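Asker: kindly return the folded structure for what I paste below:
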Amino acid sequence: SAAYLAVLNFADPEDSGVLPSTFTNTGLVNMANGSTDSLLAIEGDYVGGGAINMEYLNDGSAADQVEIGGDVSGTTTVRVTGTGAVKLFDDNFLSLISVEGDVADDSFVSDAIFPTTGLVLMNFGRNPNDEQQFGLVQSLNAASRAMGHIVHITETASAVLDESISPYVTQKKVDGKAVQ
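Answerer: This next block holds a predicted model:
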């Protein structure tokens, strides 16, 4: 069993790491390198206690990945950074970490601050459809149905639809006259 205390840094976007034995993270695994295709594969068990920095595209098309072939113990803080326009992910989930062995609900947590307004809300957590995965969970914001959020909703909806929403928005008329 090996313990890695130093910073594991994926400075080159083409870097990926495969670790054959137990990996103990009491420091920082920095996968944040401006690219969303870094991979850390651990063939054995993973012992948490440190942090992992990861990146993803807000449209769900790419993300750094951690794959663990064994069991997970301890708790790791996952710091995620997204770039680009927000779109709905397939199945409202983007996998960042997958585990083949035993893993607890609190094995991976995030201190990322996600927006609490807008049409699409996001947080970090366990995949509701696969308990072996952790990543970004999306939901539609029920509060955004209120008229006060209409501008933000149309901007977000336009980005989600990947086309202009203006053809779907019409001017309100009262007695045949346009109303502001």
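
Asker: low-scoring stretches of the protein, by residue?
Answerer: Counting by pLDDT under 70, the chain shows low-confidence ranges at 1-20, 144-180.

Asker: can you list contacts of the longest strand seen in the chain?
Answerer: For the chain, the strand that runs over the most residues, judged by DSSP state E, is strand 130-140. Outside strand 130-140, the residues within contact range by C-beta atoms under 8 Å, 6 or more residues apart in numbering are 56, 63, 78, 80, 82, 88-89, 92-100, 103, 107-108, 119-128. C-beta: built from backbone N, CA, C; applies to glycine.

Asker: so which of these are in strands?
Answerer: Going by DSSP E, the strands hold 56, 78, 80, 82, 93-99, 108, 120-127 from the contacts of strand 130-140.

Asker: keeping just the C-alphas, turn the longest strand of the chain into CSV.
Answerer: This file holds the C-alpha atoms of strand 130-140, laid out as CSV (Å, rounded to 0.1, in the frame of the first residue of the first chain):
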residue,chain,number,x,y,z
ASP,A,130,-26.3,4.8,-10.0
GLU,A,131,-24.9,4.8,-6.4
GLN,A,132,-21.4,4.1,-7.7
GLN,A,133,-21.1,7.5,-9.3
PHE,A,134,-20.6,11.0,-7.9
GLY,A,135,-20.8,14.2,-9.9
LEU,A,136,-23.1,17.1,-10.9
VAL,A,137,-26.8,16.7,-10.4
GLN,A,138,-29.2,19.1,-12.3
SER,A,139,-32.8,20.0,-11.6
LEU,A,140,-35.2,22.6,-12.9
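
Asker: please consider this matter closed, and thank you.
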